[in-house]
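J.: everything below, folded, please.
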Amino acid sequence: MKRIFRSALLAAMCLSLFAAPADAAYKKEYKLSVVPGATSGWGLSASHFADLVKERTNGRINIKVYPGAQLMAGKQTSELLLVRRGAIDFALASTINWSPQVQELNLTAMPFFVANNPDRYKAMDAIEAGKSGEMLIKAIEKTGVKFIGWAENGFRELTTSKGPIHKPADMAGMKLRVCGTPIFIDIFSALGTNPQAINWSEAVTGFQQGIVDGQENPTNGINIPLQIWTWHKYHTDWHYMIDPLLLTSNAKVWKSFSAEDQKILMECAKDTEKYSKALSRLGFDDGSSLAYLQSINKVPAVSDPYKAMAEKGMNVVKFTPEMIKEFYDATKSVRDKWTPIIGEELVKAAEADMKAAQ
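T.: Next comes the predicted model:
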């Protein structure tokens, strides 16, 4: 009888193990890192992804967004290391912040590399969808993290307390807040300015105290949510570089998910890409971004950025192709220096991808 009882007990235990839900080993909460605030386009994109994942996995995967660089103590360039180590589960990261560790990610930071095309948005999409995009993903995953999808912070424009700016000479001697990555120092030095590498968590203090004369950031993603007109009255619409975002995961965390949930996560990432790009391009494209945001009932409070800036007293200079060409020529030395660092094969692949999309 004892033998029968033990056999029955063992069978019951085995059945209970097989009957355990597939997500039994999942964490109660996964941390998703974002550098700027929750109301930025970047922060909204991260929340959109987290909401989609929770809804489509029926709560199996619960992701909490930590904006304001909370998970890296304000040091945005340490994010990749923290994701790789597992201190951060997910990150919606900027190519800029990860470029010191992944040199290939400086590709879209090369000055006027993407903007010097007939359609800058089509050019950027072509890179991500083309051979150069595949090369970038491979470079990212070589670090030991999982690439899930693209998103977008937008083309970076210049705002200043001095201006207006029409040509490189107009920027001479300006103190400008830039990201603390080498290519930014090279770009703004080539344009005759005095670049100041300040972490974003400290940047607003710099504006308030007048430590710097200006800064560069995407209009919809950062400048309008931040109400940059509080400190800067001049906006230079020059599109000198774009800031693609990388939706990534710690490799072990990714492997812990079932194949079904991995598929759901990838689908959520694709929808987040659409949303994120619509936010960054709203008011700057042919109207398709507004139509998409209307279709999902997520139109932000400011849907006409030029009108909003004008109402706040900002002087907006929209660069013509000829003006972009002048700045493109003025920064040739930067592209020449950084092409071999990034990789000539990658740069050529990106040029071919963009040309094919024209």
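J.: what about Glu345, how many neighbours?
T.: By the criterion of other CB atoms under 10 Å, Glu345 has 11 neighbours. Quick note: C-beta positions are derived from backbone N, CA and C, even for glycine.
J.: apart from its neighbours in sequence, what residue is nearest it?
T.: Once flanking residues are discounted, Glu345 sits nearest to Met135: 7.6 Å by CB to CB, 6 or more residues apart in numbering.
J.: list the contacts of that neighbour.
T.: Glu104, Gly343, Glu345, Leu346, Ala349 (CB atoms under 8 Å, 6 or more residues apart in numbering).
J.: of those, closest to Thr230?
T.: Within the contacts of Met135, proximity to Thr230 (CB to CB) peaks at Glu104, which comes in at 36.4 Å.
J.: quick one: that closest one from Ser333, how far?
T.: To Ser333, Glu104 is 20 Å away according to CB to CB, to the nearest Å.
J.: what do you get for Met266?
T.: Counting by CB to CB, the gap from Met266 to Ser333 is 40 Å.
J.: likewise for Ala87?
T.: Per CB to CB, Ala87 is found 39 Å from Ser333.
J.: where exactly do the strands run in the stretch 251-358 of the chain?
T.: 315-318 (DSSP state E, counting those that start in this stretch).
J.: quick revisit: which stretch of helix or strand covers the residue nearest to Glu345?
T.: Met135 belongs to helix 131-141 when elements are defined using DSSP states H and E.
J.: mind listing what's buried along that helix?
T.: Under the neighbour-count criterion of 16 or more other CB atoms under 10 Å, helix 131-141 has Lys131, Ser132, Gly133, Met135, Leu136, Ile137, Ala139, Ile140 buried.
J.: correct me if wrong: the fifth one contacts Leu107.
T.: Yes. Using CB atoms under 8 Å, Leu136 is in contact with Leu107, at 6.9 Å.
J.: now do the shared contacts for the two.
T.: By CB under 8 Å, 6+ apart, the residues touching both Leu136 and Leu107 are Ile127, Leu346.
J.: ok, Ala115 - contacts?
T.: By CB under 8 Å, 6+ apart, Ala115 lies in contact with Phe155, Trp238, His239, Tyr240, Met241, Ile242, Ile324, Tyr328.
J.: in a strand, it, correct?
T.: No. Applying DSSP: H, G, I helix; E, B strand; the rest coil, one finds Ala115 to be coil, outside a strand.
J.: so for it, what's the pLDDT?
T.: For Ala115, the model assigns a pLDDT of 94.
J.: shaky segments in the chain?
T.: For the chain, the stretches with pLDDT under 70 are 1-24.
J.: the nearest residue to Gly144 once chain neighbours are set aside: neighbour count?
T.: Nearest residue to Gly144 in three dimensions, chain neighbours excluded: Arg84, at 4.9 Å (CB to CB, 6+ apart). Number of residues near Arg84 (other CB under 10 Å) recorded here: 17.
J.: so Arg84 makes contact with Val145?
T.: Yes. With contacts counted by CB under 8 Å, Arg84 reaches Val145, the gap being 5.6 Å.
J.: overlap in contacts of these two?
T.: Both Arg84 and Val145 are in contact with Asn250, Ala251, where contact means CB under 8 Å, 6+ apart.
J.: report the central residue of the chain.
T.: Leu245 (2.5 Å; CA atoms, centre = their mean).
J.: which SSE is that one in?
T.: Using DSSP H and E, the element containing Leu245 is strand 234-250.
J.: show me the contacts for the nearest residue to Gly74 once chain neighbours are set aside.
T.: Nearest non-adjacent residue to Gly74, counting by CB to CB, 6+ apart: Ser201, 3.7 Å away. Ser201 makes contact with Gly68, Ala69, Gly74, Gln76, according to CB under 8 Å, 6+ apart.
J.: from memory Thr219 sits against Pro305, does it?
T.: Yes. When contacts are counted by CB under 8 Å, Thr219 is listed as touching Pro305 (5.2 Å).
J.: run a quick neighbour tally on the nearest residue to Lys318 once chain neighbours are set aside.
T.: Nearest residue to Lys318, sequence neighbours excluded (CB to CB, 6+ apart): Asp237, at 4.5 Å. A count of nearby residues for Asp237, using other CB under 10 Å, gives 17.
J.: can you check Ala73 too?
T.: 11.
J.: measure it to Glu79 for me?
T.: 11 Å.
J.: chain neighbours aside, what residue packs nearest to Val178?
T.: Phe184 (4.1 Å).
J.: which strand residues bridge Thr159?
T.: Gln215, His235 (DSSP bridges).
J.: could you check how far it is from Asp243?
T.: For Thr159, the distance to Asp243 equals 15 Å [CB to CB].
J.: who's more crowded, the two?
T.: Neighbours per residue, other CB under 10 Å: of Thr159 and Asp243, the larger number sits with Thr159, 27 against 24.
J.: what's the neighbour count on the closest residue to Leu107 other than its chain neighbours?
T.: Leaving aside its sequence neighbours, Leu107 sits nearest to Ile342 (CB to CB, 6+ apart; 5.4 Å). Residues within reach of Ile342, counting by other CB under 10 Å, total 23.
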